[in-house]
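J.: Curious how this folds, go ahead:
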Amino acid sequence: MISNTLAIGIQGIQDGMYGMENAARKIARGGVDGPQGSAANGNSLIEPIVDLKLYERSVEASAQVVKAADETLGTLLDIMV
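T.: Numbering: from 1, shown residues only. Reported below is the predicted structural model:
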């Protein structure tokens, strides 16, 4: 069960990093990939900026899952030895 939790945490980190890369790419392009297709609309950058922050939080949460699984596994190993 701990290995599943660890795998879920790692997958969450990978997904979050992928999302952050995409959001950062949109920001770097100045929002021209937005629904309006123009950087003239100031709102075109709002969504990727918000997405970037959400993915950042997702990575942080997933890292906490990995940390908890690691600590639990360490405790179990200490008990068994």
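J.: So residue 30 versus residue 48, what's the distance?
T.: Taking Cβ to Cβ, to the nearest Å as the measure, residue 30 falls 10 Å from residue 48. To be clear about C-beta, it is placed using only N, CA and C from the backbone, and glycine gets the same treatment.
J.: Among the two, which residue is more densely surrounded?
T.: More crowded of residue 30 and residue 48, by other Cβ atoms under 10 Å: residue 48, with 20 against 13.
J.: Can you mark which positions in the helix or strand hosting the more buried one are buried?
T.: Per DSSP states H and E, residue 48 falls inside helix 46-80. Within helix 46-80, the residues that qualify as buried by neighbour count (16 or more other Cβ atoms under 10 Å) are 48, 51, 52, 55, 58, 59, 62, 65, 66, 69.
J.: my guess is the last one meets residue 12, correct?
T.: This means residue 69. No - the pair residue 69 / residue 12 is not scored as a contact, 11.6 Å apart, by Cβ atoms under 8 Å.
J.: Find the centremost residue of the chain, please.
T.: residue 16 (2.1 Å; Cα atoms, centre = their mean).
J.: Which strands or helices does the helix or strand that contains it pack on?
T.: Using DSSP H and E, the element containing residue 16 is helix 2-28. Packing partners of helix 2-28 (3 or more Cβ pairs under 8 Å, 6 or more residues apart in numbering; DSSP states H and E): helix 46-80.
J.: The helix it packs on versus helix 2-28: what angle between them?
T.: Angle of helix 46-80 versus helix 2-28, following axes from the mean of the first three to the mean of the last three Cα atoms, to 10 degrees, is 160 degrees.
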